[in-house]
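**Q** okay, sequence plus prediction incoming.
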Amino acid sequence: MPQKLLVLRNCGIIDPQDIASYLARGGFEALRRVQSGLTPAQVIDEVKRSGLRGRGGGGFPTGLKWEEAARSPGLTKYVVCNAAEGEVGAFKDRYILEKDPFTLMEGMAIAAYAVGAAKAYLYLRAEYAHLVPALVGAVAQVSERGFFGIVGDGFGVEVRVGSGGYVCGEETALMESLEGRRGEPRMRPPYPPSEGLLGSPTVINNVETLMNVPWILSNGADAFCRLGTAQSRGTKVFSVSGDVERPGVYELEMGSSLSELVCGIAGARDVKSVQVGGASGRLVPGDRLDAPLSYEGLCGAGPVIVFDSTRDMVDIMYRTMEFFAEESCGKCTPCREGTQAMMETLGRITAGRGERRDLKALEQLSATMMLTSSCGLGQAAPVPVLDSLRYFRHEYEARLVQ
């Protein structure tokens, strides 16, 4: 299946350091449409009708989030672009930021206009600090051309670099970091659209979500609805890595099969398993690659990691849990202690010193963490371990001493 380029339509074509090349490709036509007479409510309605859902993994309807923020009382409101792309195997947002920052700026401006935001922030993970000069330059060019003035007097986008913690990709931990504190998840409710950054209504969308907005405003919600499935409209961008011939960033229509992506486009062979959604994503065995890439099937934030038949699934799970134990913020006991205990248990099994009761312990720990952890890190960390026990249990049992 060929790619369907909406989000990536300008990548590799425009000069990311020259706004003139973006304007020559129809850039800021969507924002001009807003200027020509669309009210904030009409913009929100268009996004709602499109069925656009958050591309950061959660899949929450974007229009509903904007509507809640617009309705929430407050003299000051914010839009935050979450570019804290810390998921294992994720590099699509970096590619977008490098190749087409202007579409992102246009999407952020439209979101700010829709919710009445006075300011917007582009929050980068610490490892993307090298992108700051180019992004600041893009912001300056957009401002000099007067496009931010369409949103309102004094509106602008500020580029911020985070502290580097994996957990800062979670939206409430991101806000803590933006406010100058250690990145730790907040208790919810309240949710950011009603009480977020600095106590004000805040819309937080990731890079890919906002990249869809100018296309929707230019082409209409109906055109977007014609792509994808009933519950998953539009396209999805994936970063594919691992045991493939052609690793890279690809964009497919929602509902395409996992096989079309990893075997057809990326050229994977002899697939043992595919992890969809990063370190905490679902583990799909090689004989089930017909699974659809959609919110009702498989989707996640976009990372797709392919493992061939030479890979040791028990060792992969040990290294995955080692990562989560290191990245847990430590705020809640189930995640802080659970990831450590699971790592130690997996380490014993990997070393050939595991016992059958360890498999039961992994399942029990997983259930507890998924039910009681404060944020998505602890809730999702056990997911691939449970999948590996389901599909590759024989690899665990082969290492047990009794």
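**A** Now that the structure is in, tell me what you want to look at.

**Q** C-alpha only now, for contacts and for neighbours.
**A** Will do.

**Q** send the alpha carbons of stretch 258-267 over as CSV?
**A** Extracted C-alpha coordinates of stretch 258-267, given in CSV (Å, rounded to 0.1, in the frame of the first residue of the first chain):
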residue,chain,number,x,y,z
LEU,A,258,0.7,-3.8,10.4
SER,A,259,2.0,-6.1,7.7
GLU,A,260,1.6,-3.4,5.1
LEU,A,261,3.8,-1.1,7.1
VAL,A,262,6.6,-3.4,8.4
CYS,A,263,6.8,-6.0,5.6
GLY,A,264,5.5,-4.1,2.6
ILE,A,265,7.0,-0.6,3.2
ALA,A,266,9.8,-1.2,5.7
GLY,A,267,10.9,-4.5,4.2
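
**Q** so where's the protein uncertain?
**A** 1, 402 (pLDDT under 70).

**Q** show me the strands in it, by range?
**A** 78-83, 119-124, 157-161, 202-206, 235-242, 248-253, 271-276, 282-285, 303-308 (DSSP state E).

**Q** need the contact partners of the last one.
**A** With contacts defined as Cα atoms under 8 Å, 6 or more residues apart in numbering, strand 303-308 is touched by 87-91, 238-244, 262, 268-278.

**Q** deepest of the strands of the chain, which one?
**A** Stretch with highest mean neighbour count among the strands of the chain: strand 202-206 (a mean of 28; mean count of other Cα atoms under 10 Å).

**Q** tell me which other helices or strands it touches.
**A** In this structure, strand 202-206 makes packing contacts with helix 62-71, strand 78-83, judged by 3 or more Cα pairs under 8 Å, 6 or more residues apart in numbering; DSSP states H and E.

**Q** for residue 349, find the nearest of the ones you listed.
**A** strand 78-83 (36.3 Å; Cα to Cα).

**Q** walk me through which strands the closest one pairs with, and which way each runs.
**A** strand 119-124 (parallel), strand 202-206 (parallel) (DSSP bridges).

**Q** returning to that earlier point: nearest to residue 187, out of the helices and strands packed on strand 202-206?
**A** Nearest of the helices and strands packed on strand 202-206 to residue 187, taken as Cα to Cα: helix 62-71 at 18.1 Å.

**Q** got the angle for that closest one vs strand 78-83?
**A** Helix 62-71 and strand 78-83 are oriented at 150 degrees to each other (axes from the mean of the first three to the mean of the last three Cα atoms, to 10 degrees).

**Q** next one: helix 62-71 to chain centre, how far?
**A** 19 Å (Cα atoms, centre = their mean, to the nearest Å).

**Q** now the strands of the chain in a markdown table, with distance to residue 392?
**A** Converted to a markdown table, the strands of the chain look like this (distance: least, Cα to Cα, whole Å):
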| stretch | distance to residue 392 |
| --- | --- |
| strand 78-83 | 34 |
| strand 119-124 | 37 |
| strand 157-161 | 40 |
| strand 202-206 | 34 |
| strand 235-242 | 19 |
| strand 248-253 | 27 |
| strand 271-276 | 10 |
| strand 282-285 | 9 |
| strand 303-308 | 13 |
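
**Q** picking up where we left off before, so which of the helices and strands packed on strand 202-206 comes closest to residue 294?
**A** Among the helices and strands packed on strand 202-206, helix 62-71 sits nearest to residue 294 (Cα to Cα), with 16.0 Å.

**Q** who does that closest one touch, helix- and strand-wise?
**A** Using 3+ Cα pairs under 8 Å, 6+ apart, helix 62-71 is in contact with helix 40-50, helix 101-115, strand 202-206.
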